[in-house]
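>>> Need the 3D shape of this:
(4 chains)
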Number of protein chains: 2
Amino acid sequence: MQLDEAKSKFIEGWGTLGSAWGVSRTMAQVHALLLVSAGALSTEDIMEQLQISRGNANMNVRALMDWGLVRKELRPGERREFFSAEKDIHRVATLILQERHKRELAPIMRVLGEIRQVEPSPAATPEETKAFTQMIGNIQSFADFADKAANTLIKADENWFVSTFMKLMRSRF
Amino acid sequence: MQLDEAKSKFIEGWGTLGSAWGVSRTMAQVHALLLVSAGALSTEDIMEQLQISRGNANMNVRALMDWGLVRKELRPGERREFFSAEKDIHRVATLILQERHKRELAPIMRVLGEIRQVEPSPAATPEETKAFTQMIGNIQSFADFADKAANTLIKADENWFVSTFMKLMRSRF
DNA sequence: AAATTCTTTCAATTTTTATTGAAAGTTTAA
DNA sequence: TTAAACTTTCAATAAAAATTGAAAGAATTT
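Presented below is the predicted three-dimensional model:
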């Protein structure tokens, strides 16, 4: 397989993965394109390579910058902007985790906290109310656990990367 | 807050969470409804409570059964089917993890494996090819790590549940 | 200050995804 | 075997999400 074909397949696959996880296909594809491009790309480059409009390219690049996954790169003597992706996969994962926590986990946790305050009322038996409170409590506990676990792991993975890097360095110098 | 209102808020919140993570809003809502319902519900119950059509209710209940999150419950002397959700949150998480692994992680891993076989070619510099291979390799490593970590954690959480349960038992008997 | 080059916005449009509802299918009962 | 009660399917429709492209906005140069 040639490099170009491999890149295309990656872009396609990353786009499919994204849309299965609630990220728009094009946003994931722009991300993928920047991940596998050697240098930074201009809006024109992105438009051409993904066959999308200027507006679309611009919107998705900005969204990726909001996530912290893409950076603007200015070149001296060049008027237009270039974009490059964070290439350190560990940082990519950390950024995605942070953003999804903020956007999706935090809101549902707030709701869970609120509805757990349900009051006993004549319209429901105490058993029903108790079962509900217990269910919500379990979800809260699990979410807490998963959240802490994810953060711990990201740190563990960081250490793993660092130690691998250190070993490599030691063996070379 | 009354129980009914709390349930509605949960259903709404769960639906929103689902759609942010690539699960259709209605499927997540049906799941939420069954999670907070004391007994099993019929298709009619689901239609009425979520204000959706018969076809829609049926499709989503079947999808939830495919995920292993909902079970059919037959009552002696009753012709129609009732549905109830798996209530153990730990099992819920395990099932979702398994299913998403199978549906979304496995395919992208296959693609990554394929495109890593990229051959050196005159159309690309060796540096470009190397950078690409390295990027893909890093993604593979990270995905492997995350996958194993998630499975380890699910087991760790199981132990945590078990040990909490054991403590509770010990303190009572 | 006018022209040039590039970026951003957003109403209109297209595409994708979800939903409906009626017909066909299935199972049990009469 | 027919009817009744329920489930499933799927073409048509509706709703939601993404995309376009042209116009407006900025920044820089002449």
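
>>> and residue A:93, what element?
helix A:89-100 (DSSP states H and E).

>>> tell me which residues in the next helix or strand after that helix are buried?
Tracing the chain past helix A:89-100, the next element assigned as helix or strand by DSSP H and E is helix A:106-115. Neighbour-count burial for helix A:106-115, counted by 16 or more other CB atoms under 10 Å in any protein chain shown, picks out A:108-109, A:111-112, A:115. C-betas here are computed from N, CA, C, even on glycine.

>>> just to revisit the earlier point, give the other helices and strands that the helix holding residue A:93 contacts.
helix A:126-172, helix B:126-172 (3 or more CB pairs under 8 Å, 6 or more residues apart in numbering or on different chains; DSSP states H and E).

>>> Residue A:47: which of the ones you listed is closest?
Checking these against residue A:47 by CB to CB gives helix B:126-172 as the closest, at 21.6 Å.

>>> can you give me the angle the closest one makes with helix B:89-100?
160 degrees (axes from the mean of the first three to the mean of the last three CA atoms, to 10 degrees).

>>> do helix B:126-172 and chain A meet at all?
Yes. Interface with chain A: helix B:126-172 contributes B:127-129, B:131-132, B:135-136, B:138-139, B:141-142, B:145-146, B:149, B:153, B:156-157, B:160 (CB under 8 Å from any CB of the partner chain).

>>> just to revisit the earlier point, which one, of the helices and strands packed on helix A:89-100, ends up nearest to residue B:78?
Going by CB to CB, the one of these nearest residue B:78 is helix A:126-172, 22.0 Å.

>>> Just the pLDDT at the residue of chain A found nearest DNA strand D, thanks.
Proximity of chain A to DNA strand D (CB to the nearest atom of the strand) peaks at residue A:55, 2.1 Å away. Listed pLDDT for residue A:55 reads 98.

>>> Quick check: residues of chain A near DNA strand D?
By CB under 7 Å from any atom of the strand, the residues of chain A that approach DNA strand D are A:24-27, A:51-56, A:59-60, A:79.

>>> from the residues you listed, which two are the most distant?
Going by CB to CB, the pair spanning the residues of chain A next to DNA strand D furthest: A:25 and A:79, at 30.4 Å.

>>> Which one of those two is surrounded by more residues?
residue A:25 (16 against 6; other CB atoms under 10 Å in any protein chain shown).

>>> From residue B:26, how far off is the more buried one?
21 Å (CB to CB, to the nearest Å).

>>> Residue A:31 now?
Taking CB to CB as the measure, residue A:31 falls 29 Å from residue B:26.

>>> more neighbours, the two?
Counting neighbours by other CB under 10 Å for residue A:31 and for residue B:26 shows that residue A:31 has the greater number, 26 against 18.

>>> Within the helices and strands, which one has that one?
helix A:25-35.

>>> Could you give the separation of that helix from the chain centroid?
On the basis of CA atoms, centre = their mean, to the nearest Å, helix A:25-35 sits 12 Å off its chain's mean C-alpha point.

>>> Show me just the buried residues among the residues of helix B:126-172 next to chain A.
With neighbours counted by 16+ other CB under 10 Å, the residues of helix B:126-172 next to chain A contain buried members at B:128-129, B:131-132, B:135-136, B:138-139, B:141-142, B:145-146, B:149, B:153, B:157.

>>> Going by distance to residue A:6, which of those residues wins?
So of these, ranked by how close each gets to residue A:6 (CB to CB), first place is residue B:132, at 6.7 Å.

>>> The lowest-mean-pLDDT helix or strand in chain A near chain B anywhere?
Of the helices and strands making up chain A, the lowest-confidence element is helix A:126-172, at a mean of 78, by mean pLDDT, DSSP states H and E. Yes. Using CB under 8 Å from any CB, helix A:126-172 reaches chain B at A:127-129, A:131-132, A:135-136, A:138-139, A:141-142, A:145-146, A:149, A:153, A:156-157, A:160.
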